[in-house]
Every structure is written in C-alpha cells, then in structure tokens.
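Asks: any chance you can model this:
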Amino acid sequence: MLHFSRLKTAAILVVVGLGILLALPNILPSSVLQKLPPWLADNRVTLGLDLQGGSHILLEVDGEALRVERAEQVRDDVRRVLRESRIGYRNLAVRNAAVTLRLRDPQEADKAVAELRKLAAPVTNSVLGTSTGEMDLTVSSGNDGLVTVQLTQAGIDARMRSAVQQSIEIIRRRIDQLGTVEPNIQRQGDNRILVQVPGLQDPQRLKNLLGQTAKLSFRMVDQSMSPQTALQGRPPADSEVLMGQDGQPYLVEKRVRVSGEDLVDAQPGFDPTTSEPLVTFRFNSNGARRFATTTQEAVGRPFAIVLDNEVISAPVIREPILAGSGQISGNFTVQEANDLAILLRAGALPAPLKVVEERTVGPSLGADSIEAGKVAAYVAAVLVAVFMVAVYGLFGFIAIIALIVHITLMFALQSLLGATLTLPGIAGVVLTIGMAVDSNVVIFERIRDEAREGRSAISAIDKGFTNALGTVMDANITSLATAVILFLMGGSGPVRGFAVTYILGLITTVFTAYTFTRLLVAWWVKWRRPSKLPI
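Replies: You can find the predicted model right below:
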C-alpha cells in the first residue's frame, strides 16, 4: 500500500497542481486577474444572494388571465369548427370559464356537440406523463339549441402547471441574457415562482423585465375611421383601439398578420441616420413569407407593431420588405432597447406575472456573512490543526497539509463547475474541515493498533492504511448518499447550496485523506526508514 509507481505519483501531483491553479483566481486581486487568460480568470466561485446581495422577487402566474385567454382560444376554435361543419349559430360569447352559443337550427345540436367534442383533449399527469382520464373541455346542449363548451377544473389546473413550468424557462432565458450569474429560479406552490438574482441591485429593472408578457404582433392600422371616433362610438367588429407608447390611441385590426412566435432573433442597435436606439429583428422562413406578403399588399398603409396590447410604433410601409427582417423604433433609451431585445429573444410568457413580494439584499449583509464565515473557518482550522499535531505529532502535521489541499481542491471544483457559494455553503466548508480529518484519525488509530500488536513501524503503517480503507469508504459513501438526497429533495437554494458544498467536500476528503496522505507518508518512510512510529 505504500508503493506508488511513477505514473500514479505523477497523476496525484497533477490533480493537486490543477486544483491549486483553479482555486488561485479566488484569492488573487483584480489587477492580477486581468493579466490571466480568460479561461482561468473567469472560473471563480460565484457568491450567492445572501453573500453578495442582489434582488429577490416572488412572482405569481395570473390564473384569471390564463383562464380568460384559454376561453378566448376555445371560442375561436368553436367558431372555426362550426364554420367548417356548416352549422349556423349566433350569440357566440365567453362567460366565465365557458363558451356559449345558440344554434340557428336546434335540430343540429347533436351534430354540433359531436364536432365540438373533438376539441377536447385528455388531461395528463405532469409527473407521470400519463392520462388522468379527465378531459380539458366538456360540451353540452339544451333543448332550445343552446350549446355550452365548459373549461374543466382539471384542464385549467393542468394549464396552470404547464404555464408555471414554461414561465420558469422563459424567465431563466431572460435573466441569463442580463449577464448575471447563477440566478436561483424555482417553483413555489401551484402558481408562484421565486426569482433570486445575485449581484443585481436594480429590482425595478428586473420587475420590468419579468413583468412583461412580451407578446409581440404585427397588425394593420384600420383607417376606416379615426381612433377618436372609435373611442366615442363603436369601432368596427374586426378592429380595436389600443394605446401607443406616445399616449395616442390607434385603431388596429384584431387580425395578427405576423406574430412574435416567428421571431428567431432580436438585437439592440442604432439608427444610422439619427443615432437613436432601436431593435432589429429577424423572422424564420414562415414569418418572413407572411411579412413579405403583408408588406407587398399594404404599401402606403401604416403597420402597427404591438407589444402586450400597446402600440410601440406604427410606421408607414414605404416598400415591400422581402428579406424577412426589420427594425422597431420608439424613442427608446439604450437600456430600453436592450431589454426589449432580451424580451423578444427569450419569448413570450404564457400568462402575465404579478409581483407578490420583492426585496433587495444589500451587499453589507453579504460582507458581514462572509466575515463571520471566515472567522468560523479560521477558528475551526486552527483548532483542528492544534488537536492533530498534539495527538499525532508528525503524522498530524501531514494531515494538516492534506487538509489544506482538501480545501484547495474543494474550491477548485466549485470554480470549475460554476457552483454558487451561499452562507449555508460556508457552513458546509466548515463542516468538511472536521470531516476531512476524521478519515485521518481513523487511519492513524488503525496504525497505532497495528503497532500495539507488535508490528514494525513500516508494516504497521502499511497494514493500517490497508485496514482503514473499508471504514473510510463506508463512512464517506453513506454521507455522500445522504448529501445527494439532500440535493435532490432539498428544493430551496440554501439547502442545495449546502448539499453541493458537502458533496464536493466528501469527494476531496477521500482523495486527500487517503490517497494524498498515503503518498506523503510513503515519501517520509522512503526517506527516513523509521524503526519507531512518531505517533
């Protein structure tokens, strides 16, 4: 057990050397970091919200808006199905969570119900991915030709679960493009989402970015009457009045010529003639084709660009736009243009989000936490070092060297993986300092036992390491299993932060306490050829 081949020795030293190299940027000043290559300087431990401060926002998916939108979609589907089936109807309307209509010929009720039931879809279990046996719609009819398409509660709940999951992914894409690192985004309850962004001290910008649904559409401006006349009277059935960013009303068609779903890219830029900030966009092939057709048919007419039912701008189409790209201008600031591009690239939310709770964690709290964590770590390290040297002498000093390497490798792995260090994570670091020397204590006590049985110094060391291996592995594997379960089931960011630190600490513990310590002891044995144990 004390023999190390050159290859094995080199491998251990390479691991330790890489660990020192990767951990080094965490303690170097920024002036030195600027001189290092980016792949090394950028790999540093990320501090969590509780350490470096940032923004904390609790969002809630607007269930009422989601239900209304779903009911309106069903209404449009009902209109399409009845038209395709050539079934006459009147008084089509949305009432609460139902779509109602009256058939012109009550004798067609059975046919209408049969066709409309094709719109219903089975509700699936979000965890198992299997059908629950329920449908998202029910269709019924009365004797007087009244047909009701009702949204079921199971269907609404399934849509809410889907909306929350989809919102989490879109929120993550939006925040990732802000340039911040390691945001904590997680579901809370049935309809809430917790967002924590370390390092972002502007919660208002975060609210603006997450609060917008970002549903973009391109529609034609209705010039059959003025917006003021439409507001005072009754607008055409296929048009509606929307307010613009400039405070002016616009009468626009309800028909969406091109939707934001066809966008593949959006970037902030500047107008080459006026130098004003704007957003350039590019469509996919389907959107480019529809955009080209629309601009060819509507040369000379104003074209409204609508974001969340607000007209951003309504430029006049001077010539057909066939390249599938364009630009949006609207007296933006540079930051507004950048945020709009982020919103469009990330995609539209399935439903509006309401801010339930918001707070900003100041960096002073983080500084105090870091200082307290440092003190705890220093005290723990000193006490452990004093104990090990006092009890095990030279071998205790070797254990201290292994402990330093253990801490270095732990931070190296966190830097390499881009893990976030939270306040509970610091507690995990302190805990693993004690865990790391536990394995050394087991090994050294086994060596003592072998020496008491009359073995020579070298034989006792060799036998002690051999017999202690099983105990060291069993103890760390059971702890590792517990830490993995804590990571998978912990849910909250602080719990998972502690679990990540603990897992990395256990991995480096096995390496340093057994392999690296054994290498140092083997070197000492080869150098001194001891006849008596210094332990």
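
Asks: in the stretch 1-150 of the chain, which spans are strands?
Replies: 46-47, 54-61, 89-95, 98-103, 122-124, 131-135, 137-141, 146-151 (DSSP state E, counting those that start in this stretch).

Asks: just put those strands in a markdown table and tack on mean neighbour count.
Replies: The C-beta positions use only the backbone N, C-alpha and C, and glycine is treated the same way. Formatted as a markdown table, these follow (neighbours: other CB atoms under 10 Å):
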| stretch | mean neighbour count |
| --- | --- |
| strand 46-47 | 20 |
| strand 54-61 | 22 |
| strand 89-95 | 12 |
| strand 98-103 | 20 |
| strand 122-124 | 17 |
| strand 131-135 | 13 |
| strand 137-141 | 17 |
| strand 146-151 | 19 |
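
Asks: those: which one's closest to Val299?
Replies: strand 89-95 (34.9 Å; CB to CB).

Asks: CA-only coordinates of the closest one in PDB, if you can.
Replies: What follows is strand 89-95 as a C-alpha-only set of coordinates in PDB (Å, rounded to 0.1, in the frame of the first residue of the first chain):
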ATOM      1  CA  TYR A  89     -75.100  29.800 -34.900                       C
ATOM      2  CA  ARG A  90     -75.500  33.200 -33.200                       C
ATOM      3  CA  ASN A  91     -74.700  34.900 -29.900                       C
ATOM      4  CA  LEU A  92     -71.200  33.300 -29.600                       C
ATOM      5  CA  ALA A  93     -69.800  34.600 -26.300                       C
ATOM      6  CA  VAL A  94     -67.400  33.900 -23.400                       C
ATOM      7  CA  ARG A  95     -69.000  33.700 -20.000                       C
END
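
Asks: need the contact partners of that strand.
Replies: 68, 71-72, 75, 78-79, 82, 99-104, 112, 147 (CB atoms under 8 Å, 6 or more residues apart in numbering).

Asks: low-scoring stretches of the stretch 401-535 of the chain, by residue?
Replies: Residue ranges of the stretch 401-535 of the chain with pLDDT under 70: 490-494.

Asks: just the helices in it please.
Replies: 423-452, 457-489, 493-510, 517-528 (DSSP state H, counting those that start in this stretch).

Asks: show me which residues of the third one are buried.
Replies: Of the residues in helix 493-510, those scored as buried under the neighbour-count criterion (16 or more other CB atoms under 10 Å) are 493-494, 496-510.

Asks: just name whatever secondary elements it is in contact with.
Replies: With contacts defined as 3 or more CB pairs under 8 Å, 6 or more residues apart in numbering; DSSP states H and E, the packing partners of helix 493-510 are helix 394-417, strand 420-421, helix 423-452, helix 457-489.

Asks: do the same with the shortest one
Replies: Helices and strands touching helix 517-528, by 3+ CB pairs under 8 Å, 6+ apart, are helix 394-417, helix 457-489.

Asks: average pLDDT for stretch 22-36?
Replies: Over the span of stretch 22-36, the pLDDT mean works out to 80.

Asks: what does that stretch rub up against?
Replies: With CB under 8 Å, 6+ apart, stretch 22-36 has contacts from Leu40, Ala41, Asn43, Arg44, Val45, Thr408, Leu409, Phe411, Ala412, Leu413, Ser415, Leu416.
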